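Novice: have a look; sequence and predicted model below, questions after that.
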Amino acid sequence: MIDSKWKSFKVTGDYNIDIRSLYEAWATTEGIEKWFLRKANYYTVPLRLREVDEFILKEDTYEWYWFGYDDDMVEKGQILEANGTDFIKFTFSGGSTVSISIYSRNGVSIVELLQENIPLENDPSQNLFVQCQIGWTFYLANLKSVLEGGVDLRNKKLEVSSNFK
């Protein structure tokens, strides 16, 4: 019997910024590169590269590149849902999916991230449950830092990479 507690996790963050700005931070190339990625390419179904301020749509595909890694390290996936206001779902590492829900509660905006269908690994160093949860926690904190204070916490120097080989 597989223990399902290792197949998904949820992390949330609260933000003193409007829901529309948070959605733009997730759903446009310009937005997501400010706090998460070094470079993002989104492609429409006929493989047209989306403009930097153009919203992603369901069935788009993506290529994501991180600071600290060269262009050989690319995450490719597909947008499964994007409603244009407060919800996005996409494929992610290891065949998992990530859902982003944005809503307001008690006067603040909330980003709720749910990663599901995480594959179980025998090798702890390959454990996506742990590694992704750590990564998403950092990036949600960086989203807050960038949008509320203008400070980007990412290491942008390849020579100071945390990618130990």
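Specialist: That came through fine.
Novice: any idea of the mean pLDDT in the biggest helix by length in the chain?
Specialist: Looking across the chain with DSSP state H, the single longest helix is helix 128-144. For helix 128-144, mean pLDDT rounds to 94.
Novice: so what touches that helix?
Specialist: 6-7, 9, 11-15, 22, 25, 35-36, 92-94, 96, 111, 113, 115, 118-119, 121, 124, 152-154 (CB atoms under 8 Å, 6 or more residues apart in numbering). To be clear about C-beta, it is placed using only N, CA and C from the backbone, and glycine gets the same treatment.
Novice: equivalent analysis for stretch 42-52, please.
Specialist: So stretch 42-52 is contacted by 28-30, 41, 54, 56-57, 59-63, 79 (CB under 8 Å, 6+ apart).
Novice: so what would you say the end-to-end distance of that stretch is?
Specialist: 9 Å (CA to CA, to the nearest Å).
Novice: next one: stretch 24-36
Specialist: From start residue to end residue, stretch 24-36 stretches across 13 Å - CA to CA.
Novice: so how far is stretch 140-156 from its chain's centroid?
Specialist: Mean-position distance between stretch 140-156 and its chain equals 14 Å (CA atoms, centre = their mean, to the nearest Å).
Novice: end-to-end on that stretch?
Specialist: Note: stretch 140-156 ends 17 Å apart using CA to CA.
Novice: so for it, what gets flagged as buried?
Specialist: Leu140, Asn142, Leu143, Lys144, Val146, Leu147, Arg154 (16 or more other CB atoms under 10 Å).
Novice: about what we covered before: inside strands: which ones of the contacts of stretch 42-52?
Specialist: Of these, the ones assigned to strands by DSSP state E are Asn41, Thr61, Tyr62, Glu63, Ile79.
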